[in-house]
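Trainee: Quick one, fold the following:
(2 chains, ligands or ions: 1)
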Amino acid sequence: MPVKQITVFLENKCGRLASVARAIGDEGINIRAFSVADTTDFGILRLIVNKPDRAYEVLRNGKFTVRMTEVIAVQIPDHPGGLADVLDLMKEAGINIEYLYAFVTKVSGDALAVFRVENIEEAEQLMIDKGIKVLSGEEVYAL
Amino acid sequence: MAHYWNKEIECMPREKLRSLQEKRLQQTVSRVYENVPFYRDAFDKIGLKPDDIKSLDDLKKLPFTNKDDLRDNYPYGLFAVPLSEVIRLHASSGTTGKPTVVGYTRQDIRSWAEVMARSLSCCGANKNSKIQNAYGYGLFTGGLGVHYGAELIGASVIPVSGGHSRRQIMLMKDFGSTILTCTPSYALHLSDVMKEMGVSKDELCLEAGLFGAEPWSLNLRDQIEKRLGIIALDIYGLSEVIGPGVAVECPVKEGLHIWEDHFLAEIVDPETGEQLPPGSYGELVITTLTKEALPMIRYRTRDITRIIPEEGCPCGRTHMKIDRFQGRTDDMLVIRGVNVFPSQIEEVLFRISHTEPYYMIYVDRREQLDELEVWVEVSDEVFSDEVRKLESLEREIRKEIEVVLGINVKVKLVEPKSIERFEGKSKRVIDRRSL
Ligand SMILES: [Zn+2]
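Mentor: Residues are numbered from 1 along each chain as shown, chains lettered A, B, ... in the order given. Just a heads-up that it's a prediction; the model follows:
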C-alpha cells in the first residue's frame, strides 16, 4: 500500500509554484508534504496530498506536465539518530534511495519522511521486519 | 497500386515530355516578350531574343524573376493578359509593405484544378472521397486551390477553412471525412486537440492527408501518421507560380513529382545563380509553361531542395522528383558562419522520440559571438520525477543537435503548451541579434 506522489514539472519562472498550489487549493485539496528539486533551468515539485487522483486530474487539465509516482511514508523514531538508523538499514539492504523529504505533520510525536526507492515492496518489508512503522496511502491521505 | 488522375500525362515518356516542354517554353518566352514590358526590357538589356531559346539547354540564358520584381510591379505590372481576361486574383501576405498579387485566366484556373486533381489522386482521392479542406480560404491560394482540384475529381469537399479546431474534429467525425488537407503543423495541432477531447483516431474515417505550405520533417510525418492513423504526403506550391499543386509526393515517399508539363524546374546556387547539376542542393527555380495571366520566367522560389538524380519512380509517374525541402533561403540562419536550418533541429527532436515536437529557437549575440538556444517542451511521456533523468534528456538533445549542426547550442526544457501553437506557417525562430 504505497503512497501516491504527484510530481509536476516547473520552469524556473516567477509564480509557477504558486499557481500549482492555487490550482489544487481551489479544489479543496490539502498538501501533506512537498519538496522542490531544482536546477538552474527547471524544477520538479513533488507533492503528497489528501486526494492524489483528484489533484492529478486538476493539474493535467491545468496544462501542467504531471506524473504520478509511488513512494513510501516511513515513521522516523523521534530520538537523535532516528533518521540515520533508517538510512543505515536501507543501505545495508542495498536499497537505493533516489530522494527523500520530510512531512509537514508529525504522527504521535514521530516525524514522517517520504522515500522514493526503486523497489518499494522490498523497502516496505525491510521497515516492517525492523519494527519501523510504514504508513499506508489511506493513513497518509487521512492525516 | 498507383492511382492516377491523368495517366497519359503523368506517365508520359521523358522524350515526349521534353519536347512538349520545349514547345511550351518557346511559346511562354515569346508571349512575355510581346506582352510584359518588364520582361521585354530584361531581355533587351542582355540582348536576348525569344528565338534564341531553342531548347531546354537555353533556359540558363534567361533572366531570373524575384519576389521583389512582383512587388515593384504591384499590382498588375507583370500580367501578360488584359484584366478583362482575368477571372481571379489572389495575394500573398507580404511581411513588409505591399502584398504580391497574382491573377488567373479561366484557362489558368483549369490548369490549376488539373494539377491539384493529380496531386489529390496521389494520396488516393477519388469521387467517393470526403475531403476536409482546412487550408485557409481567401486571398491565400491554399483553400481554393485544393477546393477546385477536389471538385474536378468529383469528391465531396468540406470547405471548413482553417481554425476552430474542436469543430474541425467534430465535423471529421460526423461527416466521415476521408482526406484532410492543411499545414502539417496544424494537422499535429488537431491531433493534440483530439487527445484533449478524448477522440481516438479509430472514431474517424481518415485515410490520408495532403499537407503543405511549410517545410516539415520526416519525423513530423511519422507523428501525424501515427496519431491520425493516415498516410501523410507532402504537397508543394507557391502563389507566384500557381498555388498548391506545383509538386506532390507520391505514396513511394521518396520525393515530390513536379508536374513538368506545366512547370519547368531547375536548381541554382542561391549565391551565384549558377545552375546546379541533379543531386546538388540549392534554390528551386521555376518557369511556368502554361500560365496565361502571370507567366513566370525563372522564378526564384527561395526554397532549398535538390533534383533527385534517379529517373523512374516505382509509382509509374515519369515527372521528375525533387527532394523534401530543407528550408528557405530566408529561413537559413547563419550562426558563427555555419548554415543552420530549423528543420535540422526538428529532425533531432523527433529522433529523441519521447519529446513533443514543440520548440523555439532563439538566436542572440553576446560579445561578438552568436548563441543558439533551443527551448523544448517537456511531454508527459518523457517527464520524470528525478532531476538527473531530465538533465540527461537535456544533455542528449544538446549533444545530438551539436552533432548535426557542428556548433554549440544551449537547450532549455520548458513547460507544455508554453510554446504558441500555430495554425498557419510556423514561426520557430526568434533572431535577437542586432547586426
Ligand atoms: Zn512516384
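
Trainee: Count the neighbours of residue B:310 for me.
Mentor: The number of residues packed near residue B:310 is 10, by other C-beta atoms under 10 Å in any protein chain shown. (Glycine included, C-beta is placed from N, CA and C.)

Trainee: Residue B:159 contacts residue B:142, correct?
Mentor: No. Assessed by C-beta atoms under 8 Å, residue B:159 is found out of contact with residue B:142, at 11.6 Å.

Trainee: Of these two, which one has the most company?
Mentor: Each of residue B:159 and residue B:142 had its neighbours counted (other C-beta under 10 Å), and the higher figure belongs to residue B:142 (27 against 16).

Trainee: Without its sequence neighbours, what residue ends up closest to the residue of the stretch 301-435 of chain B found nearest chain A?
Mentor: When scored by C-beta to the nearest C-beta, the stretch 301-435 of chain B has residue B:385 as its residue closest to chain A, at 3.8 Å. Spatial nearest neighbour of residue B:385, excluding adjacent residues (C-beta to C-beta, 6 or more residues apart in numbering or on different chains): residue A:7 at 3.8 Å.

Trainee: Run through the bridge partners of that neighbour.
Mentor: Counting by DSSP bridges, residue A:7 is bridged to residue A:46, residue A:67.

Trainee: I'd like to know how far it sits from residue A:34.
Mentor: 10 Å (C-beta to C-beta, to the nearest Å).

Trainee: Need the overlap of contacts for the two.
Mentor: In terms of C-beta atoms under 8 Å, 6 or more residues apart in numbering or on different chains, residue A:7 and residue A:34 are both contacted by the residues A:45, A:46, A:47.

Trainee: Can you check those and name whichever has the most neighbours?
Mentor: Neighbour tally across those (other C-beta under 10 Å): the maximum, 24 neighbours, falls on residue A:47.

Trainee: ok, that residue touching residue A:30?
Mentor: No. The criterion here is C-beta under 8 Å, and residue A:47 misses it with residue A:30 at 10.4 Å.

Trainee: Give me the distance between the closest residue to residue A:77 other than its chain neighbours and residue B:214.
Mentor: Once flanking residues are discounted, residue A:77 sits nearest to residue A:110: 6.2 Å by C-beta to C-beta, 6+ apart. Distance, residue A:110 to residue B:214, by C-beta to C-beta: 61 Å.

Trainee: for the helix or strand of chain B with the lowest mean pLDDT, packing partners?
Mentor: Using mean pLDDT, DSSP states H and E, strand B:338-340 stands out as the lowest-scoring helix or strand of chain B, at a mean of 77. In terms of contacts (3 or more C-beta pairs under 8 Å, 6 or more residues apart in numbering or on different chains; DSSP states H and E), strand B:338-340 is packed against strand B:333-335.

Trainee: now the strand it packs on: how far from the chain's centre is it?
Mentor: Distance of strand B:333-335 from the chain centroid (C-alpha atoms, centre = their mean, to the nearest Å) equals 22 Å.

Trainee: Could I get the buried residue list for it?
Mentor: Residues of strand B:333-335 classed as buried: B:333, B:335 (neighbour count, 16 or more other C-beta atoms under 10 Å in any protein chain shown).

Trainee: Can you tell me what sits against whichever helix or strand residue B:413 is part of?
Mentor: Using DSSP states H and E, residue B:413 sits within strand B:410-414. With contact meaning C-beta under 8 Å, 6+ apart, strand B:410-414 is reached by A:9, A:11, A:41-42, B:371-378, B:390, B:393-395, B:397-398, B:401.

Trainee: what mean pLDDT does it have?
Mentor: In this model, strand B:410-414 has an average pLDDT of 92.

Trainee: and if you look at stretch B:292-303?
Mentor: Model confidence over stretch B:292-303, given as mean pLDDT, is 97.

Trainee: Where do the domain boundaries of chain A fall?
Mentor: The record assigns chain A these domain ranges, following automatic domain parsing: A:3-70, A:71-141.

Trainee: okay, how far is it across the first one, tip to tip?
Mentor: Pointing back at domain A:3-70 there. Using C-alpha to C-alpha, to the nearest Å, the end-to-end distance of domain A:3-70 comes to 6 Å.

Trainee: show me the contacts for residue B:62.
Mentor: B:29, B:48, B:53, B:287, B:297, B:298.

Trainee: Show me which pair in the residues you listed is furthest apart.
Mentor: Checked with C-beta to C-beta, these reach their widest spread between B:48 and B:287, with 14.2 Å between them.

Trainee: Quick check on the two: which one has the bigger neighbour count.
Mentor: Ranked by neighbour count (other C-beta under 10 Å), residue B:48 and residue B:287 place residue B:287 first, with 24 against 18.
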